[in-house]
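J.: Build me a model:
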Amino acid sequence: MTGKTSGAIAKIKEKTKGCSSSHCILHRHALAMKKMQPFIKEVLAETVKIINFINLDLTGCSNGESAYVFTSSHRNKVALP
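T.: The predicted structure follows:
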């Protein structure tokens, strides 16, 4: 459907000469992950966990009697395939 010679992208580019397209970023990420060494995958997975922790929506937390209790609302959650 999105083939560059006869798909939707090709037909759109025929009509609008200034149009540009890009392959799905998630699919490119999945393809790159297949070729990664296991150590790099581990580092990336830990990095994603850290980023998700930092991006917690702190306005969604409540100050309980003991410690802070975080709700399950996250912003910009990063996921690995």
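J.: all strands for this structure, in order.
T.: 62-63, 68-69 (DSSP state E).
J.: These: lowest mean pLDDT?
T.: Of all the strands of the chain, mean pLDDT reaches its minimum on strand 68-69 (a mean of 44).
J.: can you give me phi and psi for residue 7?
T.: Dihedral angles of residue 7 (phi, psi; degrees, to the nearest 10) stand at phi -90, psi -170.
J.: low pLDDT regions in this protein?
T.: 1-5, 22-23, 57-81 (pLDDT under 70).
J.: Show me where it has its helices.
T.: In the chain, the helices defined using DSSP state H lie at 8-15, 25-35, 38-54.
J.: Now render these as CSV, adding mean neighbour count.
T.: Backbone N, C-alpha and C define where each C-beta goes, glycine included. Shown next, in CSV, are those (neighbours: other C-beta atoms under 10 Å):
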stretch, mean neighbour count
helix 8-15, 12
helix 25-35, 10
helix 38-54, 11
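J.: so what's residue 36 up against?
T.: residue 44 (C-beta atoms under 8 Å, 6 or more residues apart in numbering).
J.: roughly how far apart are residue 17 and residue 6?
T.: 18 Å (C-beta to C-beta, to the nearest Å).
J.: Pick out whichever of those two has more residues nearby.
T.: residue 6 (9 against 6; other C-beta atoms under 10 Å).
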